[in-house]
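Enquirer: Next come a sequence and a model predicted from it.
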Amino acid sequence: MTFSRTFPDGFLWGTATASYQIEGAVAEDGRSPSIWDTFSHTPGTVTGGDTGDVACDHYHRVDEDVAIMRSLGVDAYRFSIAWPRVIPTGTGAVNQAGIDFYSRLVDTLLENGIRPFATLYHWDLPQALDDRGGWLNRDVADWFAEYAAVTVGALGDRVRNWTTLNEPWCSSLLSYSIGHHAPGHTDPLEGIVAAHHLMLAHGRAVPVIREHCAAAEVSITLNPTQVYGPEGTGEGVVDEADADAIRRADNIFNGLFFDPIFRAAYPDGFLEDTAHLTDHGYIHDGDLGVMAAPLDNLGINNYFPTRVRAARDGEEGMPLAGCEGVVESPPLPPHTAMGWEISPKAHYDILLRSAKDGGLPIYITENGSAWPDIVSPDGEVHDPQRIEYLHGHLGAVADAIEDGADIRGYFAWSLLDNFEWAHGYGKRFGLVYVDYATQQRIVKDSGREYARIVASSR
Ligand code: FCB
């Protein structure tokens, strides 16, 4: 099956990774532990007891990994910076060796004609800051602004594309209410307090980035999900209780971030729906104005839709504020190895919605799929399902552009198989296979197909 859709001139093709998922070298050159080091070393948190101690050893393999990107022909690379490498104690003394690592990465990318897209925070908060309350401590906004100043000050002469946060939904709700990610708390209220402080930190960092990089294009990456009822995609027949469940789920998954950032307000009904938990004293006068700092573009990560319905007869709902009566219903087939529903239609829907709600140019900063890849006797990795997912989702992107969404680029998740958070190394998302025993990289069939699509779109 060949993919032959066209994309606008200048459409940017990239791949993405994140620091803790690929770097390894966790105790080298002055890096301090992050909350993910602590979490992954806590028994029972990550499948198989996996940790990011070595990961893809990218810290020592920058040249090789950039050479692979070049062989794929991509225009851009999205990576994240590990705060505990740059400021090991979270605030205060700067670790020059940490800066030097990213500086060399950036130089290597530029020498190879690859545009760097840097994310300041992809979940590896210095443990030293978690010891002071982490994202529950309002001071984190100052700490983050300080870290942004140092980092952009060091790299902003060469990096123009700056993203404050990756998926604040995950570093708040998934981490403080659901407990699936570091620091592993399970408190419905903590999730929304952490979300508030994340957005405050984001808003504080935006002008700091501009101050240290006059040419900056500043962004945040959100992970909105299209919320449907339990039935088939596009079928909208729901009763009143299910419609309210969809509204509440949409607020906590999407509106909680879109509305403060783009409307300087909490989503309609959200403060009332959560009033049984809090008087919302963590929201101070002026916070929403800070959060709504103007941005240049919006990053969207999207993999799957979400299906919900109202809880029935005492059924337990989701452990998320305001969603106590909302039940997540099973994803419809087909599924990826993550159990995630495959729906290009949902990808299209959320792209159009994000374009409308954000009113900004969009980069798809992550999209991809996990499959149980193996190295075949011929030494290759044949992954037709990843290719099919890629074709389906790129088709949805092309449709969304035709229907008016201003989408400027697509970053495949991921360049390499890597440490997939609480799932460990068992879930492979790469266009490039990593043999973790030897650190050998093998470009998968999907990697070659991506390279072909990139080349043919020029
Ligand atoms: C996203 C994360 C990314 C990766 C993919 C599969 O939520 O941002 O680090 O784990 O999911």
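Expert: Right, received. Where do you want to start? Numbering: from 1, shown residues only.
Enquirer: So is the helix or strand encompassing residue 14 next to the ligand?
Expert: Residue 14 is located in strand 12-16, with elements delineated by DSSP states H and E. No: using C-beta under 6 Å from any ligand atom, strand 12-16 stays clear of the ligand, with a minimum separation of 7.8 Å. For the C-beta atoms, the positions are set from N, CA and C on the backbone; glycine is no exception.
Enquirer: Now tell me what touches that strand from outside.
Expert: Applying C-beta atoms under 8 Å, 6 or more residues apart in numbering, the external contacts of strand 12-16 come out as 69, 72-79, 115, 117, 363, 365-366, 408-415, 431, 450, 453-454, 457.
Enquirer: Need the CA coordinates for it. CSV is fine.
Expert: What follows is strand 12-16, C-alpha atoms only, in CSV (Å, rounded to 0.1, in the frame of the first residue of the first chain):
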residue,chain,number,x,y,z
LEU,A,12,8.1,20.0,8.6
TRP,A,13,8.8,16.3,9.1
GLY,A,14,10.4,15.3,12.4
THR,A,15,10.9,12.6,15.0
ALA,A,16,10.6,13.0,18.8
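Enquirer: what lines up beside that strand in the sheet?
Expert: strand 76-80 (parallel), strand 407-413 (parallel) (DSSP bridges).
Enquirer: Could you save those as CSV and add columns showing distance to the ligand and mean pLDDT?
Expert: Below are these laid out as CSV (distance: least, C-beta to the nearest ligand atom, whole Å; pLDDT from 0 to 100):
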stretch, distance to the ligand, mean pLDDT
strand 76-80, 9, 99
strand 407-413, 5, 99
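Enquirer: Now render these as JSON lines, adding mean neighbour count.
Expert: Formatted as JSON lines, these follow (neighbours: other C-beta atoms under 10 Å):
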{"stretch": "strand 76-80", "mean neighbour count": "24"}
{"stretch": "strand 407-413", "mean neighbour count": "24"}
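Enquirer: do you know which of the ones you listed lies nearest residue 142?
Expert: Taking C-beta to C-beta, strand 76-80 is the member of those nearest to residue 142, at 20.8 Å.
Enquirer: C-terminal to the strand holding residue 14, what's the next element?
Expert: From strand 12-16, the next helix or strand downstream (DSSP H and E) is helix 19-22.
Enquirer: Point out the other helices and strands that that following helix packs with.
Expert: Applying 3 or more C-beta pairs under 8 Å, 6 or more residues apart in numbering; DSSP states H and E, one finds that helix 19-22 makes contact with no other helix or strand.
Enquirer: what's the distance between it and the middle of its chain?
Expert: Relative to the centre of its chain, helix 19-22 is centred 12 Å away, using C-alpha atoms, centre = their mean, to the nearest Å.
Enquirer: tell me which residues in the helix ranked longest in the chain are buried?
Expert: Criterion DSSP state H: the longest helix present in the chain is helix 188-212. For helix 188-212, the neighbour count (16 or more other C-beta atoms under 10 Å) marks 188, 190-206, 208-210, 212 as buried.
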